[in-house]
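# need the 3D shape of this:
(2 chains, ligands or ions: 1)
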Amino acid sequence: MTRIAIVGIGIHPFGRTEGVSGQDQGSYAVRAACKDAGVEWGDIEFAYGGSMAAGAADTMVSKLGLTGLQFINVANGCATGGSALLSAYSTIKSGAYDLGIAIGFDKHERGAFRVKTASTGRDWYGGTGLALTTQFFGMKINRYMSEYGISQRTLARVSAKAFRNAELNENAWRRKPLSEEEILHSAMLSYPLTQYMFCSPGEGGVALILARADQAHKYTDKPIFLDAAVVKSRRFGSFEVLAPSLALDWSAGPTVDTSKKAFELAGIGPEDVDVAQLQDTESGAEIMHMAENGFCEHGEQEFMLEKGETEIGGRLPVNTDGGCLANGEPVGASGLRQVYEIVHQLRGDAGTRQVPNNPKVGYTHVYGSPGISGVNILSR
Amino acid sequence: MALTQLSIKDTILELTDDGPRLIGMRCKDCDNHVFPYQEGCNRCTGTNVEKIRLGTKGKLWAWTVQGFPPKAPPYLGEASPEKFQPYGVGYVEIDGQLKVEARLTESDPEKLQVGMPMELTTVVLCEEDDRDLVTYAFEPCA
Ligand SMILES: [Zn+2]
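Sure, this is the predicted structure:
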């Protein structure tokens, strides 16, 4: 079976870049990825790309060069980047092409996401004062905390870790370390989550170049293999963001399904993972996603965070680049940023934030609107 | 004198003489309920569904407090940072039917608790054409 390798990576710094469009941040990342792989834009045979709020990806060819390649726009909510990567992976696996690129970028307005739910007539959902993604995260972690004994201090620990890690990442947005007290006492946005426990919509771009594994040596000495790429939507009975009603039935959310499928495809288990990037839209999400992805039992996170097990030097480093909390969430680029970081960690060139356990297997996970999840498993 | 009330959308929220009612879907094949009404059942995938008035009493299943003004649009209530008042948001489990996401009239975390009984009511968002534009909310009840 054809294995797929990531042979080139590029990023445009996350945060706020005045005067540079989201699409230009995407193009910047593409050029950086080509340079990393030692290829020209003209060598790329196909592209999948997307953004949520910064326009169609394929029009960037007018600046990158009109080479006639197959370029397909991807729009899949919070799994847009993951879907571009999965599409590129599948395209090479199918045998259609040997060298392609997955691109994600975005540029969002300031403040919480503005969700418009009505195509005709009055927008009763947003009009009522619902339809905020922040409310879902507040409700989910609030319930989870009382069910599994997670303290607010643990929420603050996650944020403090994110900003600490970001201080070591020149491409991150919020690089100033904050104390747990500062985090706990910042404005209460959606109980029990405070301002510094939430990530903000932001800007950024990432591009990843993929090749058949048996040709990877042409482009890099350190190919990183993509052993599983999975995207799944929700099943009946799960508790999802932006849902005016939920069923009485209960089923695990898409993260659990996606994670299981990815481990199955890669032929390994959570115990084999050395470094992970988990969706941390807010600090509670990282905590819940540790368990939903199979890295611990529900409730164990309290102890794990207290012992520093998810720190860069811990047993299972999580969100080593600062995650969404410190990088912000440009939706189209966010999932690919996770993979970008894992590639650095597995190559062993993550600099001062390199995890010291000589990692061989990395894991990335996104969750988001409208109840979708994407997981990638990488190895060297 | 109180103004006449106007529903935010009458296909979602009916203002009846006996109080507010939410309009939802019931599947005649599998008894699944969905709010708001839709033309297909997301459990059995069938289309043998009917429009019903949902129950008005339930128990709080999950909650948070909206602590900052939502963006307007789409928000129709008071969105200026100076005048905004936090409001509760939660899912209320209506026995034998579904869980409905709604505003809560209570916004004090000390007074909100999973499992507490709640009842459907309305809250005023703004004035429109000399009427009070209202939406649905749940309030704690005995
Ligand atoms: Zn049904």
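
# now do stretch A:195-203: distance to the chain's middle.
Mean-position distance between stretch A:195-203 and its chain equals 14 Å (Cα atoms, centre = their mean, to the nearest Å).

# wondering if it reaches chain B at all.
No. Judged by Cβ under 8 Å from any Cβ of the partner chain, stretch A:195-203 makes no contact with chain B; its nearest approach is 8.9 Å. (C-beta placed from N, C-alpha, C; glycine too.)

# what mean pLDDT would you report for that stretch?
On average, the pLDDT along stretch A:195-203 is 95.

# ok, stretch B:107-125 next?
Rounded mean pLDDT across stretch B:107-125 is 97.

# that's a strand at residue A:159, yeah?
No. The assignment for residue A:159, made by DSSP: H, G, I helix; E, B strand; the rest coil, is helix rather than a strand.

# residues touching it, list them.
By Cβ atoms under 8 Å, 6 or more residues apart in numbering or on different chains, the contact set of residue A:159 is A:178, A:180, A:183, A:196-197, A:283, A:325.

# could you do residue B:51 as well?
B:23-25, B:37.

# pretty sure residue B:74 sits against residue A:123.
Yes. Residue B:74 is within contact range of residue A:123, at 4.3 Å (criterion: Cβ atoms under 8 Å).

# can you pull the contacts of residue B:69?
Counted by Cβ under 8 Å, 6+ apart, residue B:69 has contacts B:75, B:78-81, B:84.

# could you do residue A:161 as well?
By Cβ under 8 Å, 6+ apart, the contact list for residue A:161 reads A:305, A:310-311, A:319.

# for the residue in chain A that the ion sits nearest to, give its distance to chain B.
Using Cβ to the ion, the closest approach of chain A to the ion is made by residue A:236 at 9.7 Å. Here the criterion is Cβ to the nearest Cβ, to the nearest Å. By it, residue A:236 lies 5 Å from chain B.

# quick check: closest non-adjacent residue to that residue.
In space, and not counting its chain neighbours, residue A:236 is closest to residue B:43: 5.1 Å by Cβ to Cβ, 6 or more residues apart in numbering or on different chains.

# can you get me a residue count around that neighbour?
16 (other Cβ atoms under 10 Å in any protein chain shown).

# point me to the helix or strand that includes residue A:134.
helix A:133-148 (DSSP states H and E).

# ok, back up a step: show the buried residues in the contacts of residue B:69.
Among these, the ones that count as buried by 16 or more other Cβ atoms under 10 Å in any protein chain shown are B:75, B:78-79, B:84.

# wait, residue A:196 sits on residue A:185?
No. Counting by Cβ under 8 Å, residue A:196 sits too far from residue A:185 to count as a contact (9.3 Å).

# if we can go back for a sec, most widely separated two among the contacts of residue B:51?
The span of those, defined through Cβ to Cβ, is set by B:23 and B:25 at 8.5 Å.

# give me the common contacts of these two.
Common neighbours of residue B:23 and residue B:25 are listed as B:35-37, B:51-52 (criterion: Cβ under 8 Å, 6+ apart).

# tell me the one among those residues nearest to residue A:330.
Distances from residue A:330 to the shared contacts of residue B:23 and residue B:25, taken by Cβ to Cβ, are shortest for residue B:36, at 31.6 Å.

# what secondary structure does the closest one sit in?
Classification of residue B:36 using three-state DSSP returns coil.

# nearest spatial neighbour of it, skipping sequence neighbours?
Spatial nearest neighbour of residue B:36, excluding adjacent residues (Cβ to Cβ, 6+ apart): residue B:12 at 5.1 Å.

# quick check: closest non-adjacent residue to the residue lying farthest from the centre of chain A.
Here chain A reaches farthest from its C-alpha mean at residue A:121, the gap being 34.4 Å by Cα atoms, centre = their mean. Spatially, and ignoring its direct neighbours in sequence, residue A:121 is nearest to residue B:9 (6.9 Å; Cβ to Cβ, 6+ apart).
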